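Student: Model the following, please.
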Amino acid sequence: MTDHESTLPGPQQQPNVSGRVPGDAAVPTGDSSARRSVLAVRNEIGKVVVGQDGVLSGVISALLVDGHVLLEGAPGVAKTLLAKTLAASFDLQFTRVQFTPDLMPSDVVGLSVLDQVPGQSPTFRFQQGPVFTNLLLADEINRTPPKTQAALLEAMEERQVSIEGTTRRLPDPFLVIATQNPIEYEGTFPLPEAQLDRFLFKLVVGYPNEEQELEMLARHHAGMDPHDTGSLVNAVASADDLQRARTEIDAVTVDPAVLRYIVHLGRATRESPSLQLGVSPRGMTWLLRAAKAWAWLSGRGFVTPDEVKAIAKPTLRHRLLVRPELELEGTAVDAVLDGLLATVPTPR
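Tutor: Numbers count the residues shown, from 1 in each chain. The predicted model follows:
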């Protein structure tokens with residue numbers, strides 16, 4: 001984990017509640033039933049997934065603000081397992097789609113099929129695709145052609161799909177967790193900027209440390225089957241808890257100085273000589289929403305600059321493009337963001 005991807009307080013820690021902010025009418029309590037339920041989800045997932053606390057916090061934050069997540073990591077670092085256990089802990093419907101070069105848009109969103117019953121006139125019936133779910137795991141999304149990738153665009157942005165002139169709403173909540181492998185490029189189709197901008201976070205899933213790997217092996221040696229999430233994970237939160245959490249997050253207050261700090265940070269990405277593409281206005285609104293969720297999970301009813309800094313890199317890294325000549329020299333987007341976070345003045 002990098003400095004700006006620190007983990008959120010676990011359920012064993014006391015919430016950090018600093019009282020009312022001057023001028024606030026209603027600051028959410030740091031110990032609400034919704035927050036307790038969400039923190040209990042972290043414990044449940046910890047029964048199966050060892051480590052990855054920062055990634056888990058990011059995925060939960062995305063679900064809380066109705067955002068989508070792109071997970072990037074090598075095979076075998078529990079990306080799929082994390083998504084499955086998250087759905088089980090929230091009692092959400094889970095669907096996994098393996099994205100391949102021959103996957104068609106209709107394989108994702110659905111299609112109309114002809115029903116022919118003897119003695120009756122043929123009729124068309126809509127057969128829902130796997131996108132009609134609560135949590136969709138788009139596994140190896142960069143292995144499918146742009147046409148199929150684009151089939152997710154409307155679903156991710158509008159929470160609906162339009163097929164043959166008919167618009168159909170998707171279930172609520174609806175979250176896409178997409179995965180991609182950072183070390184394999186042959187036979188892949190890089191996600192275009194329009195697709196990447198639909199994701200709230202790009203989270204880098206790394207390897208566990210030595211102690212975490214020892215714990216993982218000990219659990220497997222004791223007979224744990226990570227594929228049997230039904231017996232390992234209990235549903236400790238519900239869609240109602242999620243809705244209450246979203247209502248409380250909406251009530252989290254943001255001082256005008258913090259709003260201006262977000263604007264300055266976003267504009268700095270557009271003015272940076274190291275970047276050829278800065279953050280979009282949509283990206284800045286997501287940064288604000290993510291900061292509110294981060295503050296709420298930390299037990300605060302207001303956003304500080306620390307929350308903005310904590311989630312800036314996961315929220316912005318996939319929305320920015322480093323200039324080609326600098327990229328050839330090995331300059332990474334995270335390094336550019338580190339420099340901006342260090343130079344943009346932080347409000348007191």
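Student: what's the helix or strand for V97?
Tutor: Using DSSP states H and E, V97 maps to strand 94-98.
Student: least trustworthy helix or strand in this protein by mean pLDDT?
Tutor: With mean pLDDT, DSSP states H and E as the measure, the helix or strand of the chain carrying the lowest mean pLDDT is helix 229-232 (a mean of 77).
Student: So what are the structural domains in this protein, by residue number?
Tutor: Structural domains annotated on the chain: 1-28+251-348, 29-101+130-246, as defined by automatic domain parsing.
Student: Among these, show the one with the smallest mean pLDDT.
Tutor: Taking the average pLDDT of each of those, the minimum falls on domain 1-28+251-348, with a mean of 81.
Student: gap between that domain and the chain center?
Tutor: Taking Cα atoms, centre = their mean, to the nearest Å, the mean C-alpha location of domain 1-28+251-348 is offset from the chain mean by 15 Å.
Student: what comes up buried for the helix or strand following the least confident helix or strand of the chain?
Tutor: Proceeding C-terminally, helix 229-232 gives way to helix 239-250 as the next helix or strand, assigned by DSSP H and E. Neighbour-count burial for helix 239-250, with 16 or more other Cβ atoms under 10 Å as criterion, is recorded at D241, L242, R244, A245, R246, E248, I249. In short, each C-beta sits where N, CA and C put it, glycine included.
Student: And stretch 139-147, by the same measure?
Tutor: D139, E140, I141, N142, R143, T144.
Student: For my notes, confirm I45 occurs in a strand.
Tutor: No. When the secondary structure is assigned by DSSP: H, G, I helix; E, B strand; the rest coil, I45 falls in helix instead of a strand.
Student: What is the neighbour count of it?
Tutor: The local packing count at I45 equals 26, with neighbours defined by other Cβ atoms under 10 Å.
Student: The nearest residue to it once chain neighbours are set aside and G73: what is the separation?
Tutor: With sequence-adjacent residues excluded and distances taken as Cβ to Cβ, 6 or more residues apart in numbering, I45 is closest to T85, at 4.7 Å. In this structure, T85 and G73 are separated by 16 Å, where distance is defined by Cβ to Cβ, to the nearest Å.
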